[in-house]
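Colleague: sequence first, then the predicted structure:
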Amino acid sequence: MSNQTLIKNAKIVNEGQIIEGDILIEDNLIKEINASISAKSADVKVIDAEGNYVFPGMIDDQVHFREPGLTHKANIETESRAAIAGGITSFVEMPNTNPQTTTIEKLEEKFAIAAKSSYANYSFMFGGTNDNLDEILKLDPKAVAGLKLFLGSSTGNMLVDNPEVLEKIFSNTDLVISVHCEDESTIRENLAKAKAKYGDDIPMELHPVIRSEEACYLSSSKAIELAKKTGARLHVFHLSTAKETELFTSKIPLKDKKITAEVCIHHLWFSDKDYKTKGSHIKWNPAVKTADDREGLWKALLDGRIDIIATDHAPHTIEEKDNNYTTAPSGGPLVQHAFVALLEAYHSQKIDLETIAQKTAHNPAILFDVEKRGYIREGYYADLIITDLNNPWTVNKENILYKCGWSPFEGNTFKSRITHTFVNGQLVYNNFKVLDVKAGQRLTFDR
């Protein structure tokens, strides 16, 4: 006997349009999409969406869930639970855990953890280092989302700084190479100057001066130059400056692009004016920069130079974060609040709903060749979210689901909420309640 759920009276946001209709889910797939579908038997679960909007679940191409080795901050179970509450139905997790994901053995260990504990669909990036090219060459492209290289050290010190190694990696893999671009020597120099002046009590608002526009641009332009030289498939993570957006084009359809870019929620939401009130809680690498940078990022996102919106969810405990500049680690939790933050931008007429679906679901699916996800289509996996655009709620300690228990959005009232999340056809989240259903599956790639 198959399991059926019928979503009635929805406004379906998909592939550049919004249509009113019904969606029939059977087992883990979308069986039918039509103007009106009637339940064929009493066993069909019916959800009346009452004119609310249904989106394809977000595919977040950059998260740090801290497992293994850093699980006092977070783990795959807690953070994937927060993710489905935030409308993220699939995630790609980063390799800078402890131990790092730089061997196939360690990669498989992570898949085994996720298979038991993940509420959302999952894949992992494989970490490149100065000395693991042999392992990179053994990777099965259908089994892993892609490669991650840190071209500026971030949490976990996985810096790849040998130019010959870099060129070898770029020349020898067809996988998407995702990069963190900040120039290490520029940052060290800026930090030394700030330390000479302030000691350890560097004002938090100097973060974007230390991890400067120049540090970002220098690194991303070099990576792009190398990609052009070698023909590698390059994806630049978390752009934070308007200047970097000039390095990308909107003149080629995404499926044909060799060089792509991502922007994260925090760089679209905050600016350097917020350090005064938020302090280390908005200390990320790369740094949140000026309001002009934020506007430049929005412009590039909307004109197609930036392809994807992600979170770079990277939790630390509040005790770790509430320290002075040199001690407080960079990164913060975002998966539960990213999608509603985008809906806030829709309310302020910065972005339309169709573009939100494109940048959070369709485009990640295209960019990483994700199989049968990222769209609301018959025969695709039923990874869906229902959103009520006029149902305000305020972020507070009681409703935060991250293991670290805090959010840079605390005290913020969002106009919209996610009412239902489906992962592989199963209802996993319903009106502020995460159901105890771990429906996540390993992502597969059509390569």
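Modeller: That came through, no problem. Numbering: from 1, shown residues only.
Colleague: now the longest helix seen in the chain: buried residues?
Modeller: Counting residues, the longest helix found in the chain (DSSP state H) is helix 213-230. Judged by neighbour count (16 or more other Cβ atoms under 10 Å), helix 213-230 contains these buried residues: 213, 215-224, 226-227, 230. Where you see a C-beta, it was placed from the backbone N, CA and C, and this is true even at glycine.
Colleague: what's it packed up against?
Modeller: Under the contact criterion of 3 or more Cβ pairs under 8 Å, 6 or more residues apart in numbering; DSSP states H and E, helix 213-230 touches helix 163-172, strand 177-180, helix 184-198, strand 234-236, helix 242-245, strand 259-264.
Colleague: measure Asp293 to Met204 for me?
Modeller: Using Cβ to Cβ, to the nearest Å, one obtains 17 Å as the distance from Asp293 to Met204.
Colleague: which residues of the stretch 151-300 of the chain score low on pLDDT?
Modeller: 152-157 (pLDDT under 70).
Colleague: before we move on, what about the stretch 1-150 of the chain?
Modeller: 1.
Colleague: what about the helices in it?
Modeller: 76-85, 104-117, 133-138 (DSSP state H, counting those that start in this stretch).
Colleague: for these, which one sits closest to Val423?
Modeller: Closest approach to Val423 among those is made by helix 76-85 (6.3 Å; Cβ to Cβ).
Colleague: how far off helix 104-117 does that closest one point, in degrees?
Modeller: 60 degrees (axes from the mean of the first three to the mean of the last three Cα atoms, to 10 degrees).
Colleague: now do the strands in the stretch 301-447 of the chain.
Modeller: For the stretch 301-447 of the chain, the strands defined by DSSP state E, counting those that start in this stretch occupy 308-310, 384-388, 393-394, 413-414, 417-423, 426-430, 433-434.
Colleague: now these as a markdown table including mean neighbour count, mean pLDDT and distance to Ser117?
Modeller: Output for the strands of the stretch 301-447 of the chain, formatted as a markdown table (neighbours: other Cβ atoms under 10 Å; pLDDT from 0 to 100; distance: least, Cβ to Cβ, whole Å):
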| stretch | mean neighbour count | mean pLDDT | distance to Ser117 |
| --- | --- | --- | --- |
| strand 308-310 | 27 | 98 | 22 |
| strand 384-388 | 24 | 98 | 21 |
| strand 393-394 | 13 | 98 | 27 |
| strand 413-414 | 14 | 98 | 28 |
| strand 417-423 | 25 | 98 | 14 |
| strand 426-430 | 20 | 98 | 14 |
| strand 433-434 | 12 | 96 | 13 |
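Colleague: those strands: which one's closest to Gln336?
Modeller: strand 417-423 (9.4 Å).
Colleague: which helices and strands sit right next to that closest one?
Modeller: helix 76-85, strand 88-93, helix 338-347, strand 384-388, strand 426-430.
Colleague: make CSV out of these and add distance to Phe170.
Modeller: Compiled in CSV, those are given as follows (distance: least, Cβ to Cβ, whole Å):
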stretch, distance to Phe170
helix 76-85, 30
strand 88-93, 20
helix 338-347, 30
strand 384-388, 36
strand 426-430, 39
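Colleague: before I go, just wanted to say thanks for your time.
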